[in-house]
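*Asks:* what's the 3D shape of this:
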Amino acid sequence: MVSSVKPLFTKQVDRLNVRVYADRREMGRAAGEAVAERLRLLLKAQSEVRIVFAAAPSQLEMLDTLCQAEGIDWSRVTAFHMDEYIGLQEASPQRFAHFLHRHLFDRVNPGTVHVIEGNRDPDAECERYARLIREKPLDIVCLGIGENGHLAFNDPPVADFEDPEVIKRVALDPICRRQQVNDGCFDDLESVPTHALTLTIPTLMSGRYLVCVVPGQNKRTAVAKTLNEPVSTSCPASILRYHPDCTLYLDLESSGVTHDLSRH
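*Replies:* Next up, the predicted model:
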């Protein structure tokens, strides 16, 4: 994919492409330009592009770049998001659907937006959203990695690389809930919901192209486990190493690359 920002360092771990940038801003810009270019190419070849977005502060720079990209016919884009809390008030700003409307959907107006409704009956909502996902293959999945190595809300205790479900109800891992406070999304741990709905790992991995954006020092341990430890659900993100077309965008803080780049 074409980007005006050059990485400081690249490498491949199994099938996973890794790109390290000087800072969070350059990382997000490069990832956003890559997603924009992929959208343009796909829209030239097919009538519709189906894309899944993560809702998290780590994605902001990428989303902002994508919003400013020119030459994308958003009317032919069908957008999904990958997870949602259960039990938050409809107007709660922490709802992931609201986050994506503020930072993306309301700015680019995709032709179709399918949000997960966390206040509906969980079983019925999983059935409804799974039906929408199954209609056609997913083209692009934009995701991040949690402090505990999670993908979406597939925390280590509930992650399943062979999960038969498309979307499921999960209890959130304490480390995952703490991250929501660390990210500034909630004032305290007690305010963070205990359960959520999440696309499963096989659903996320089914995307043709995966773009994973992971900035910040607090993600360094999770990134190191993703790249260096055996692929297992103890670090769910490690499965990204088996995807045929996934690129991991890091900044220096998350990469752990701090000196003499030629040695990494």
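*Asks:* rest of the way, CA atoms for contacts and neighbours
*Replies:* Will do.
*Asks:* for the protein, which element, helix or strand, carries the lowest mean pLDDT?
*Replies:* Taking mean pLDDT, DSSP states H and E as the measure, the helix or strand of the chain with the lowest value is helix 174-182, at a mean of 85.
*Asks:* pull up the pairing partners for the next helix or strand along the chain from it, direction included.
*Replies:* Later in the chain than helix 174-182, the nearest helix or strand by DSSP states H and E is strand 195-199. Strand 195-199 has these partner strands in its sheet, going by DSSP bridges: strand 83-85 (antiparallel), strand 167-171 (antiparallel).
*Asks:* which non-adjacent residue is nearest residue 48?
*Replies:* Nearest non-adjacent residue to residue 48, counting by C-alpha to C-alpha, 6 or more residues apart in numbering: residue 76, 4.9 Å away.
*Asks:* you'd agree residue 65 is up against residue 27?
*Replies:* No: taking contacts as C-alpha atoms under 8 Å, residue 65 lies outside contact range of residue 27: 10.6 Å.
*Asks:* looking at these two, which is more packed in?
*Replies:* residue 27 (26 against 19; other C-alpha atoms under 10 Å).
*Asks:* element containing the more buried one, please.
*Replies:* Under the criterion of DSSP H and E, residue 27 resides in helix 24-45.
*Asks:* so for that helix, mean pLDDT?
*Replies:* Averaging pLDDT along helix 24-45 yields 98.
*Asks:* per-residue pLDDT, residue 131?
*Replies:* According to the prediction, residue 131 has pLDDT 98.
*Asks:* and it, that's in a helix?
*Replies:* Yes: assessed with DSSP: H, G, I helix; E, B strand; the rest coil, residue 131 lies in a helix.
*Asks:* buried residues in the helix holding residue 27, which are they?
*Replies:* Within helix 24-45, the residues that qualify as buried by neighbour count (16 or more other C-alpha atoms under 10 Å) are 24, 26-40, 42-43.
*Asks:* next SSE downstream of it?
*Replies:* Using DSSP H and E, the helix or strand that directly follows helix 24-45 along the chain is strand 49-53.
*Asks:* that next one vs helix 24-45, what angle?
*Replies:* 160 degrees (axes from the mean of the first three to the mean of the last three C-alpha atoms, to 10 degrees).
*Asks:* I'd say the residue nearest to residue 48 and residue 111 touch.
*Replies:* Yes: using C-alpha under 8 Å, residue 76 is in contact with residue 111, at 5.5 Å.
*Asks:* look up phi and psi at the residue most central in space within the chain.
*Replies:* For the chain, the residue nearest the mean C-alpha position is residue 143 (1.4 Å; C-alpha atoms, centre = their mean). Per-residue torsions, residue 143: phi -140, psi 170 (degrees, to the nearest 10).
*Asks:* measure it to residue 70 for me?
*Replies:* According to C-alpha to C-alpha, to the nearest Å, residue 143 stands 22 Å off from residue 70.
*Asks:* which residues in the stretch 101-250 of the chain form strands?
*Replies:* In the stretch 101-250 of the chain, the strands defined using DSSP state E, counting those that start in this stretch lie at 112-114, 140-143, 167-171, 195-199, 209-214, 246-251.
*Asks:* which one, of these, ends up nearest to residue 17?
*Replies:* Across those, the minimum distance to residue 17, taken as C-alpha to C-alpha, is reached by strand 246-251, at 4.6 Å.
*Asks:* note down every partner strand of the closest one and its orientation.
*Replies:* strand 16-21 (parallel), strand 209-214 (parallel).
*Asks:* who wins for proximity to residue 100 among the ones you listed?
*Replies:* Counting by C-alpha to C-alpha, residue 100 lies closest to strand 209-214 out of the strands paired with strand 246-251; the figure is 15.6 Å.
*Asks:* for the closest one, buried residues please.
*Replies:* For strand 209-214, the buried set under the neighbour-count rule, 16+ other C-alpha under 10 Å, comprises 209, 210, 211, 212, 213, 214.
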